[in-house]
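K.L.:
My questions are about this predicted structure, shown below with the sequence.
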Amino acid sequence: QQQVKQSPQSLIVQKGGISIINCAYENTAFDYFPWYQQFPGKGPALLIAIRPDVSEKKEGRFTISFNKSAKQFSLHIMDSQPGDSATYFCAASKETSGSRLTFGEGTQLTVNP
Amino acid sequence: GAVVSQHPSRVICKSGTSVKIECRSLDFQATTMFWYRQFPKQSLMLMATSNEGSKATYEQGVEKDKFLINHASLTLSTLTVTSAHPEDSSFYICSASGGAGNTIYFGEGSWLTVV
(Lines give C-alpha, C1' and ligand atoms only; values in the text may rest on other atoms or scores of the structure.)
Protein backbone atom coordinates (compact mmCIF):
# COMPACT_ATOMS: atom_id res chain seq x y z
CA GLN A 1 0.00 0.00 0.00
CA GLN A 2 1.31 3.40 -0.93
CA GLN A 3 1.67 5.48 2.21
CA VAL A 4 3.37 8.61 3.36
CA LYS A 5 3.78 8.99 7.10
CA GLN A 6 4.19 12.48 8.53
CA SER A 7 5.27 13.67 11.95
CA PRO A 8 4.72 15.42 14.23
CA GLN A 9 0.97 15.87 14.14
CA SER A 10 1.34 19.29 15.75
CA LEU A 11 4.26 21.58 16.40
CA ILE A 12 4.67 24.75 18.44
CA VAL A 13 7.69 26.93 17.77
CA GLN A 14 8.77 30.32 19.03
CA LYS A 15 9.20 33.16 16.57
CA GLY A 16 12.64 33.00 15.02
CA GLY A 17 13.05 29.30 15.70
CA ILE A 18 13.39 26.42 13.28
CA SER A 19 10.37 24.29 12.43
CA ILE A 20 11.11 20.74 11.29
CA ILE A 21 8.52 18.38 9.85
CA ASN A 22 9.40 14.86 8.78
CA CYS A 23 7.94 12.44 6.28
CA ALA A 24 8.70 8.85 5.37
CA TYR A 25 7.49 6.94 2.35
CA GLU A 26 7.36 3.32 1.33
CA ASN A 27 7.08 3.23 -2.43
CA THR A 28 10.51 3.55 -4.03
CA ALA A 29 8.83 4.41 -7.33
CA PHE A 30 7.88 7.86 -6.01
CA ASP A 31 9.86 10.50 -7.86
CA TYR A 32 8.28 13.80 -6.84
CA PHE A 33 7.99 15.10 -3.28
CA PRO A 34 6.11 18.38 -2.74
CA TRP A 35 5.20 20.20 0.43
CA TYR A 36 1.95 22.10 0.68
CA GLN A 37 0.89 24.84 3.08
CA GLN A 38 -2.78 25.14 3.95
CA PHE A 39 -4.47 27.93 5.87
CA PRO A 40 -7.89 27.35 7.45
CA GLY A 41 -10.66 27.33 4.88
CA LYS A 42 -8.27 27.51 1.94
CA GLY A 43 -6.91 25.05 -0.55
CA PRO A 44 -3.34 23.77 -0.21
CA ALA A 45 -0.66 25.93 -1.79
CA LEU A 46 2.54 24.46 -3.20
CA LEU A 47 5.43 25.55 -1.02
CA ILE A 48 8.46 23.71 -2.33
CA ALA A 49 9.15 20.39 -4.03
CA ILE A 50 12.08 18.10 -4.66
CA ARG A 51 12.97 15.21 -6.94
CA PRO A 52 15.20 12.33 -5.77
CA ASP A 53 18.21 13.35 -7.86
CA VAL A 54 19.15 15.98 -5.26
CA SER A 55 19.52 15.76 -1.48
CA GLU A 56 18.52 19.29 -0.61
CA LYS A 57 16.58 22.18 -2.06
CA LYS A 58 16.31 25.62 -0.56
CA GLU A 59 13.89 28.41 -1.38
CA GLY A 60 14.10 31.38 0.92
CA ARG A 61 13.43 30.26 4.48
CA PHE A 62 12.18 26.85 3.36
CA THR A 63 14.47 23.86 2.82
CA ILE A 64 13.70 20.28 1.87
CA SER A 65 16.20 17.62 2.91
CA PHE A 66 15.89 14.32 1.09
CA ASN A 67 17.39 10.97 2.10
CA LYS A 68 16.74 8.47 -0.65
CA SER A 69 18.29 5.47 1.11
CA ALA A 70 16.21 6.06 4.22
CA LYS A 71 13.12 6.97 2.18
CA GLN A 72 12.67 10.10 4.24
CA PHE A 73 12.34 13.79 3.53
CA SER A 74 11.83 16.76 5.75
CA LEU A 75 10.82 20.39 5.64
CA HIS A 76 12.83 22.97 7.57
CA ILE A 77 11.41 26.43 8.11
CA MET A 78 14.14 28.80 9.24
CA ASP A 79 13.38 31.96 11.24
CA SER A 80 9.79 30.83 11.73
CA GLN A 81 7.20 33.61 11.80
CA PRO A 82 3.66 33.78 13.20
CA GLY A 83 2.45 34.07 9.60
CA ASP A 84 3.86 30.58 8.98
CA SER A 85 1.22 29.16 11.33
CA ALA A 86 -0.71 26.77 9.12
CA THR A 87 -1.11 23.09 8.35
CA TYR A 88 1.66 21.56 6.30
CA PHE A 89 1.27 18.44 4.18
CA CYS A 90 4.00 16.41 2.58
CA ALA A 91 3.11 14.38 -0.46
CA ALA A 92 4.63 12.02 -2.98
CA SER A 93 3.83 10.90 -6.47
CA LYS A 94 5.27 9.03 -9.40
CA GLU A 95 5.15 10.61 -12.80
CA THR A 96 3.82 7.47 -14.43
CA SER A 97 0.70 7.64 -12.24
CA GLY A 98 -0.36 10.91 -13.81
CA SER A 99 0.71 13.05 -10.89
CA ARG A 100 -1.56 11.28 -8.42
CA LEU A 101 -0.48 12.56 -5.01
CA THR A 102 -0.31 10.52 -1.84
CA PHE A 103 -0.53 12.85 1.15
CA GLY A 104 0.86 12.68 4.64
CA GLU A 105 -1.47 13.21 7.57
CA GLY A 106 -0.54 16.85 8.02
CA THR A 107 1.22 18.89 10.69
CA GLN A 108 -0.41 21.82 12.39
CA LEU A 109 2.30 24.40 12.99
CA THR A 110 1.85 27.23 15.48
CA VAL A 111 4.50 29.91 15.69
CA ASN A 112 4.19 31.96 18.85
CA PRO A 113 5.15 35.63 18.72
CA GLY B 1 2.26 31.17 -11.44
CA ALA B 2 -0.46 28.79 -12.49
CA VAL B 3 -3.87 29.33 -10.99
CA VAL B 4 -6.68 26.90 -10.42
CA SER B 5 -10.04 28.43 -9.66
CA GLN B 6 -12.97 26.79 -7.93
CA HIS B 7 -16.54 28.00 -7.86
CA PRO B 8 -18.53 28.38 -5.71
CA SER B 9 -16.33 28.84 -2.67
CA ARG B 10 -19.28 28.20 -0.39
CA VAL B 11 -22.64 26.63 -1.10
CA ILE B 12 -25.57 25.62 1.04
CA CYS B 13 -28.12 23.25 -0.41
CA LYS B 14 -31.15 21.39 0.80
CA SER B 15 -31.04 17.69 1.42
CA GLY B 16 -32.02 15.75 -1.70
CA THR B 17 -30.92 18.37 -4.18
CA SER B 18 -27.85 18.34 -6.42
CA VAL B 19 -25.02 20.83 -6.44
CA LYS B 20 -22.27 21.42 -8.99
CA ILE B 21 -18.75 22.62 -8.22
CA GLU B 22 -16.52 23.89 -11.01
CA CYS B 23 -12.76 23.68 -11.24
CA ARG B 24 -10.93 25.72 -13.87
CA SER B 25 -7.28 25.96 -14.79
CA LEU B 26 -6.84 29.61 -15.71
CA ASP B 27 -3.52 29.77 -17.50
CA PHE B 28 -2.62 26.26 -18.54
CA GLN B 29 -4.25 23.23 -20.09
CA ALA B 30 -4.95 20.62 -17.45
CA THR B 31 -4.73 17.16 -18.91
CA THR B 32 -5.57 15.67 -15.52
CA MET B 33 -7.67 17.02 -12.70
CA PHE B 34 -8.17 15.53 -9.26
CA TRP B 35 -11.00 15.90 -6.78
CA TYR B 36 -10.41 15.65 -3.05
CA ARG B 37 -12.55 15.75 0.03
CA GLN B 38 -11.24 17.06 3.32
CA PHE B 39 -12.81 16.81 6.75
CA PRO B 40 -11.80 19.23 9.53
CA LYS B 41 -8.27 18.67 10.83
CA GLN B 42 -7.72 15.78 8.45
CA SER B 43 -5.69 15.19 5.35
CA LEU B 44 -6.99 15.33 1.81
CA MET B 45 -8.78 12.22 0.61
CA LEU B 46 -8.60 11.60 -3.12
CA MET B 47 -12.05 10.94 -4.56
CA ALA B 48 -11.37 10.62 -8.25
CA THR B 49 -9.03 11.37 -11.11
CA SER B 50 -10.41 12.84 -14.31
CA ASN B 51 -8.73 13.04 -17.67
CA GLU B 52 -10.06 15.29 -20.39
CA GLY B 53 -12.49 13.54 -22.66
CA SER B 54 -12.65 10.27 -20.74
CA LYS B 55 -14.48 8.82 -17.77
CA ALA B 56 -13.22 9.61 -14.31
CA THR B 57 -11.41 6.99 -12.25
CA TYR B 58 -12.89 6.77 -8.79
CA GLU B 59 -11.12 5.71 -5.63
CA GLN B 60 -12.36 2.71 -3.76
CA GLY B 61 -15.39 3.50 -1.67
CA VAL B 62 -16.40 6.62 -3.61
CA GLU B 63 -19.84 6.32 -5.22
CA LYS B 64 -19.51 7.30 -8.87
CA ASP B 65 -23.27 7.74 -9.26
CA LYS B 66 -23.37 10.13 -6.35
CA PHE B 67 -20.29 12.16 -7.22
CA LEU B 68 -20.50 12.83 -10.94
CA ILE B 69 -17.32 14.15 -12.51
CA ASN B 70 -17.11 15.67 -15.94
CA HIS B 71 -13.91 16.87 -17.62
CA ALA B 72 -15.23 18.18 -20.90
CA SER B 73 -12.36 20.50 -21.75
CA LEU B 74 -8.70 20.98 -20.92
CA THR B 75 -9.54 23.85 -18.59
CA LEU B 76 -12.72 22.74 -16.84
CA SER B 77 -13.78 19.87 -14.63
CA THR B 78 -17.00 19.71 -12.66
CA LEU B 79 -18.06 17.71 -9.61
CA THR B 80 -21.78 17.25 -9.11
CA VAL B 81 -22.96 15.94 -5.77
CA THR B 82 -26.30 14.32 -6.51
CA SER B 83 -29.10 13.84 -4.01
CA ALA B 84 -26.99 15.49 -1.36
CA HIS B 85 -27.32 14.52 2.28
CA PRO B 86 -25.97 16.19 5.43
CA GLU B 87 -23.13 13.67 5.61
CA ASP B 88 -21.91 14.99 2.25
CA SER B 89 -21.14 18.31 3.92
CA SER B 90 -17.41 18.79 3.55
CA PHE B 91 -14.62 20.81 1.99
CA TYR B 92 -14.10 19.77 -1.62
CA ILE B 93 -10.84 20.64 -3.34
CA CYS B 94 -9.72 20.15 -6.91
CA SER B 95 -6.22 20.10 -8.30
CA ALA B 96 -4.87 20.19 -11.80
CA SER B 97 -1.67 19.17 -13.47
CA GLY B 98 -0.33 20.08 -16.86
CA GLY B 99 1.43 23.36 -16.21
CA ALA B 100 5.20 23.95 -16.31
CA GLY B 101 7.05 20.86 -15.09
CA ASN B 102 3.74 19.08 -14.70
CA THR B 103 3.40 20.70 -11.27
CA ILE B 104 0.17 20.09 -9.42
CA TYR B 105 -1.81 23.14 -8.35
CA PHE B 106 -4.80 23.24 -6.05
CA GLY B 107 -7.96 25.26 -6.14
CA GLU B 108 -9.15 27.32 -3.19
CA GLY B 109 -11.68 24.70 -2.21
CA SER B 110 -15.47 24.70 -1.94
CA TRP B 111 -17.37 24.39 1.31
CA LEU B 112 -20.54 22.39 0.88
CA THR B 113 -23.17 22.45 3.61
CA VAL B 114 -26.23 20.26 3.16
CA VAL B 115 -29.15 21.21 5.40
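P.N.:
That came through, no problem.

K.L.:
how about stretch A:63-74, does it reach chain B?
P.N.:
No: using Cβ under 8 Å from any Cβ of the partner chain, no contact is recorded between stretch A:63-74 and chain B, whose separation bottoms out at 14.7 Å. C-beta here means a position set from N, CA and C on the backbone, and glycine is covered the same way.

K.L.:
Quick one: end-to-end distance for that stretch.
P.N.:
The distance separating the two terminal residues of stretch A:63-74, taken as Cα to Cα, to the nearest Å, comes to 8 Å.

K.L.:
Over to stretch A:71-89?
P.N.:
Across its full length, stretch A:71-89 reaches 17 Å between end residues, using Cα to Cα.

K.L.:
and if you look at stretch A:94-113?
P.N.:
Using Cα to Cα, the span of stretch A:94-113 from its first residue to its last is 39 Å.

K.L.:
which parts of it are buried?
P.N.:
Neighbour-count burial for stretch A:94-113, with 16 or more other Cβ atoms under 10 Å in any protein chain shown as criterion, is recorded at A:94, A:97, A:99-104, A:106-107, A:109, A:111.

K.L.:
need the residues of chain A near chain B, please.
P.N.:
A:34, A:36, A:41-46, A:49, A:89, A:93, A:95, A:98-101, A:103-106, A:108.

K.L.:
What about the buried residues of stretch A:94-113, which are in strands?
P.N.:
Among the buried residues of stretch A:94-113, the members found in strands (DSSP state E) are A:102-103, A:107, A:109, A:111.
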